[in-house]
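1. sharing a sequence plus its predicted fold:
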Amino acid sequence: MQAIGRQPHRAPDGAPVHYARHRPEQTTLYRLVQQHAATFFAEVEAAAGADLPQFVKDEFDAFLECGILAHGFLRLRCGDCGHDNLVAFSCKRRGFCPSCGARRMAQTAAHLVDHVIPMCRCVSGCCRCPSRCACCWPRSRNC
């Protein structure tokens with residue numbers, strides 16, 4: 001499952017890295033959403049007197065399909081040994097799915113570190129505190 005001429009990826013201890021499928025259906029969040037989403041929608045809509053926006057329902061539906069093999073997958077086969085792996089499709093949403101949100105966060109951080117921050121001549125940080133809060137802070141700079 002690697003490109004021709006490439007060395008296999010290795011962990012810091014030198015062991016080869018193996019793909020392990022994420023199983024969202026075994027998480028507590030997935031089970032809670034699966035069991036209570038319809039009740040949540042009904043109660044919120046009854047309290048608000050209007051339907052939830054469709055994009056909110058779509059976000060929940062996409063979360064429930066994310067990473068589930070029954071909703072689509074890609075089969076990868078190693079040309080050398082013939083070993084197969086199934087990789088489930090992800091929702092690639094921004095809002096609710098913790099798996100896709102974490103991946104997007106990691107990709108954004110990598111982009112900033114690799115492409116944005118090196119181009120800046122001066123990177124500095126500044127933290128301002130309103131004057132009414134300054135009296136609560138310690139006066140010593142050694143803290």
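-> Looks like it arrived, so ask away. Predicted model only: the values in this text are computed from it and were never measured.

2. hey, let's count contacts and neighbours off CA atoms from now on
-> Noted.

3. now do the helices in this protein.
-> Ranges of helices in the chain, per DSSP state H, are 28-48, 54-65, 98-111, 131-134.

4. A15: which of those helices is closest?
-> helix 98-111 (23.3 Å; CA to CA).

5. looking at the helices of the chain, spot the one closest to I117.
-> The closest approach between I117 and any of the helices of the chain, judged by CA to CA, belongs to helix 98-111 at 8.9 Å.

6. in that closest one, which residues are buried?
-> S99, C100, G101 (16 or more other CA atoms under 10 Å).

7. can you find the helix or strand of the chain with the lowest average pLDDT?
-> Least confident element among the helices and strands of the chain, by mean pLDDT, DSSP states H and E: helix 131-134 (a mean of 60).

8. before we move on, the earlier item: distance to K92 added to the helices of the chain, as JSON lines?
-> Shown next, in JSON lines, are the helices of the chain (distance: least, CA to CA, whole Å):
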{"stretch": "helix 28-48", "distance to K92": "16"}
{"stretch": "helix 54-65", "distance to K92": "9"}
{"stretch": "helix 98-111", "distance to K92": "5"}
{"stretch": "helix 131-134", "distance to K92": "41"}
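
9. please work out which of those is packed deepest.
-> Each of the helices of the chain was scored by mean neighbour count; the highest is helix 54-65, a mean of 16, by mean count of other CA atoms under 10 Å.

10. could you check the angle helix 28-48 makes with it?
-> 160 degrees (axes from the mean of the first three to the mean of the last three CA atoms, to 10 degrees).

11. now the angle between helix 98-111 and helix 54-65, please.
-> Going by the same axes, to 10 degrees, helix 54-65 makes 100 degrees with helix 98-111.

12. so which elements touch helix 54-65?
-> helix 28-48 (3 or more CA pairs under 8 Å, 6 or more residues apart in numbering; DSSP states H and E).

13. now do the helix it packs on: everything it contacts.
-> Here helix 28-48 makes contact (CA atoms under 8 Å, 6 or more residues apart in numbering) with P24, E25, D51, L52, F60, L64.

14. now do the same contact list for the first one.
-> The contact partners of P24, taken as CA under 8 Å, 6+ apart, are Y30, C66, G67, I68.
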